[in-house]
Each structure stands twice: as structure tokens, then as C-alpha cells.
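In: Below: sequence and its predicted model.
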Amino acid sequence: MNKSNLIEGEKVAGKSILHLLLLGAIKLLAGFITGMNVIIADAISTFADTLGLFASYIGLKLSRRNADEKFEYGYYKIETLAALLISIGVISVGFFMLRDTLQNFGTPSEAANRPFAITTTIISIALSLKFYRSLMKVGKKVNSLALIASAEDKKIDVFSGFIVLGSIVANYQQVPYVEDVVTIIFALIIFKMGISSSKESLFFLLDYWNDPILSRKIRKIFHREKDIVSKLKKLRLRRAGTFIFGEAFAEINPFADLTDLREELNILQKEIMDLNPYFKDFAIYTHISKLHKAKVAIPIEKGSSLKAQVAKKLSKTKAYLFATIRENKIKDFYIRKLKTKDKKPVELGEFLKNEKVDILVDNNLNSLIYYNLRRTHHILIYPNFDDIKYAKDTLSLLLIDT
């Protein structure tokens, strides 16, 4: 997410502020000329929207500032705070509209210059619809809660304009109850939308954010990297204004090479960041847990027990002894014969991978097989010492090391 998008959001917000001030002035003039309180109230609502949009503009402008000594995590939440202020303004408009309508319920008012009032209201509806589309488009583009909240407010203004039209017609026909009932319903809708939006913004300020779809995608990426990540212990996501921040706590395969681990985690982080263009940062914290269990593969030249002779070369390997080490003891073992075709690099890797081997005793492996097992499957290659002849002695040495 680059700063050019935020600048575009600022420009749209700035232009909308000027247009809304002009529109509010025209509405206010129409209200005084016609003597209709509903048009004056609509004008006041427009000026209130201008203040909210101004908060959006300031929020977006400050969101582009880099972190400093006072705000080490940046200024991103200012934009969320602006969205909260707008939402509180929407709640206030809904409340006062509801209160005033209930106080004057059924009270008729005589208006003048109704054609001028109708023309002004139609223009207001058209401009509000235009503002809604432009603000919503750029708001989604920059992922700005404040601009989206302002766009929703303009959407309300479109319906409000039709209510004003209905009020003018009802006033002309001297049917006050139509205007009052519709206004009450509309005030309740505004009130509900304001509460919903303010609740979301407040949660974001308190670092609560729940996006199950994005979380599921991230977990899926971690689970796919099971050769490196043994377990994903915790995943946390939060919104700060336009951007998303995340962190994961993962247990790492203790047999993975540090070089491989660094490369794999960098690839993993990039893949997660690419899931959403508004990711500002995603940190992966790793923990290598204490080894409690491991499966060892020992090349066997001859024999069928723990006293089987260890093969020093792949060409002399007739079978592999697979032993499970748990809590510094040999728990169980079995021997599986190795076919000639299984000695090829890919086939040998698959053979050992299917057995879920963690540690492999070397038998003079060539570089291609070594790379396939160590770098691709993250199997620890343990030295095959010349003075150790039997599988049992190799396992005893492994128990000391692990």
C-alpha cells in the first residue's frame, strides 16, 4: 500500500468538503426562503457531515506521517479515530432528528416557494449520490474507514433528500403524519448505522479486529509449511487506520537448518503479506521446543536387530533400521529393506519422508541426495563414525547428543 493512494483519498476528501459547504449554504438559503424547518435541519446535517469529512481529511493526512520518537508505531490510528468521530456525529443527527420529530409530531407548518424547495432538494439528492459513489470508491481503494463512513453518511443523505421531498408534498397536501412517521423510521435507521460504525471503530482503537477469512488463509499457509512449522501457537491481527498489522507465534522444526529456516520464514512472510495489499507488517516469532521424540534412520549392511552392522556406503546399504527415541530412551524399532531403485535421490527422499524420519545417519551420500534430504525435507544428517559398527552404538551416541 503506497502513499499515492492516501494522497488520492486526501484530494477526494478535500474537494468533497468544498462542495458540501456550498451545498449546505444553498440548502440553508432554501430553508429560510421557504420557511420549512425540515430543509433547515437538512442543511445543518450537511454542515455536520462537512465536519466529519474534514476529520477524515486530517486523519488521512496524518496517517501518511512516518513513525517518530513520540509515536513509534506511526499515526495510523488517527484515521480510525476520525471514523469514530464521524460515527458519533451520525448518532447525534439520528437522535436529534428523532427527538424533534416526536416533540412536533402532527404539527402542520405552512411553507412558501415550494417549487424552489423541490428544485433545491432534487439537486441535493443528485450531488449526495455523486459524493457517495466517489467517496466509497476511493475509501475502498485506500481501505479508509473514515472515508467509507463519510460515504455511508452521503448514502443516508440521498434517502434524506427523498424524505424532504415527501415532506414538501405532505406539507402541500397538509398531511403532517406522513412526514413525521417516515422521519421517525429514518432517524432510527441513522441511529442504528451510527452505533454499528462507532462500535467497529472503537474496537479497532482497542486493537480488536476479527477477519475470519483472512485468518483462515494465513493458518492455511502455516499448515502447508509443516516441514518447517511444527505448530502455529497463536495468530493475532489488528487494524490501525488504513493498514493491517499481524503477528504469529510458531513452533519450529528443531531439525531444520538455520539457513533454510531464515529463507523459508522470509518466503512465508511474503506469501502472507501478499494476501492483502493493506498489510503494513506481519511478524513471525519462532520458538524451538525441547526435543521429546525423534525418529532415526540407520543404514544397515547386514543384520536384523539392534546389533545390525551399520552400512558405510549407500551402495552397501541393504536396509534401514528405523528407531523411535523418546525421553532419552529407545522405545521401538523395525527394519525395512531398501530396493535398488529406492537408492536414487528422489526415490530415497520419498522413502525416508514416508517413514517420517527426523534424523538420518549418513552413509556417504552424494551431494544431490544430501541436498534433497536436508534442504527439501529438513532431515538432520548425522555423521557415520568409522569406529562405530553397530546400530545400537549409533543410537547410544544419538541419545547423548539429543
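Out: Looks like it arrived, so ask away. Numbers count the residues shown, from 1 in each chain.
In: what comes up buried for the helix or strand hosting Leu98?
Out: According to DSSP states H and E, Leu98 maps onto helix 77-103. Within helix 77-103, the residues that count as buried by 16 or more other CB atoms under 10 Å are 77-91, 93-94, 97-98, 101. C-beta coordinates here come from the backbone N, C-alpha and C atoms, glycine included.
In: Could you look up the SS state of the closest residue to Asp332 other than its chain neighbours?
Out: Distances taken as CB to CB, 6 or more residues apart in numbering place Thr324 nearest to Asp332, at 5.2 Å, with adjacent residues excluded. Secondary structure state of Thr324, per DSSP: H, G, I helix; E, B strand; the rest coil, is strand.
In: Show me what Thr324 bridges to in the sheet.
Out: In this entry, Thr324 is beta-bridged to Lys295, Asp332, by DSSP bridges.
In: For Ile359, see how far away it is.
Out: Separation of Thr324 from Ile359 (CB to CB, to the nearest Å) stands at 11 Å.
In: The two: which is more packed in?
Out: Ile359 (19 against 15; other CB atoms under 10 Å).
In: so that one makes contact with Phe255?
Out: Yes: Ile359 is within contact range of Phe255, at 6.9 Å (criterion: CB atoms under 8 Å).
In: quick one: common contacting residues for those two?
Out: Residues touching both Ile359 and Phe255 (CB atoms under 8 Å, 6 or more residues apart in numbering) are Ala294, Ile379, Leu380.
In: Return the residues in contact with the residue nearest to the last one when sequence neighbours are not counted.
Out: The spatial neighbour of Leu380 that comes closest, neighbours along the chain excluded (CB to CB, 6+ apart), is Phe255 at 4.2 Å. The neighbourhood of Phe255, defined by CB under 8 Å, 6+ apart, consists of Ala294, Asp358, Ile359, His378, Ile379, Leu380.
In: Need phi/psi at Phe255.
Out: phi -90, psi 0 (degrees, to the nearest 10).
In: What pLDDT is listed against it?
Out: pLDDT recorded at Phe255 is 76.
In: For Lys290, see how far away it is.
Out: Distance, Phe255 to Lys290, by CB to CB: 13 Å.
In: how about the helices in the stretch 251-400 of the chain?
Out: Using DSSP state H, counting those that start in this stretch, the helices of the stretch 251-400 of the chain run over 258-273, 345-354, 367-371, 391-401.
In: Can you give me the neighbour number for Ile284?
Out: Ile284 has 18 neighbours, counted by other CB under 10 Å.
In: Secondary structure class of the residue nearest to it when sequence neighbours are not counted, three-state.
Out: Excluding the flanking residues, the one nearest Ile284 by CB to CB, 6+ apart is Ala248, at 5.2 Å. Following three-state DSSP, we place Ala248 in the strand state.
In: circling back: let's test this: mean pLDDT of the helix holding Leu98, rounded?
Out: On average, helix 77-103 scores 76.
In: quick one: least confident helix or strand in the chain?
Out: Within the chain, no helix or strand scores below helix 37-63, which has a mean of 70 by mean pLDDT, DSSP states H and E.
In: contact partners of the strand ranked longest in the chain?
Out: Counting by DSSP state E, the longest strand found in the chain is strand 229-240. Defining contact as CB under 8 Å, 6+ apart, one finds that strand 229-240 is touched by 73-74, 76-77, 80, 145, 204, 207-209, 211, 214-215, 218-219, 222-223, 244-253, 268, 280, 287, 289.
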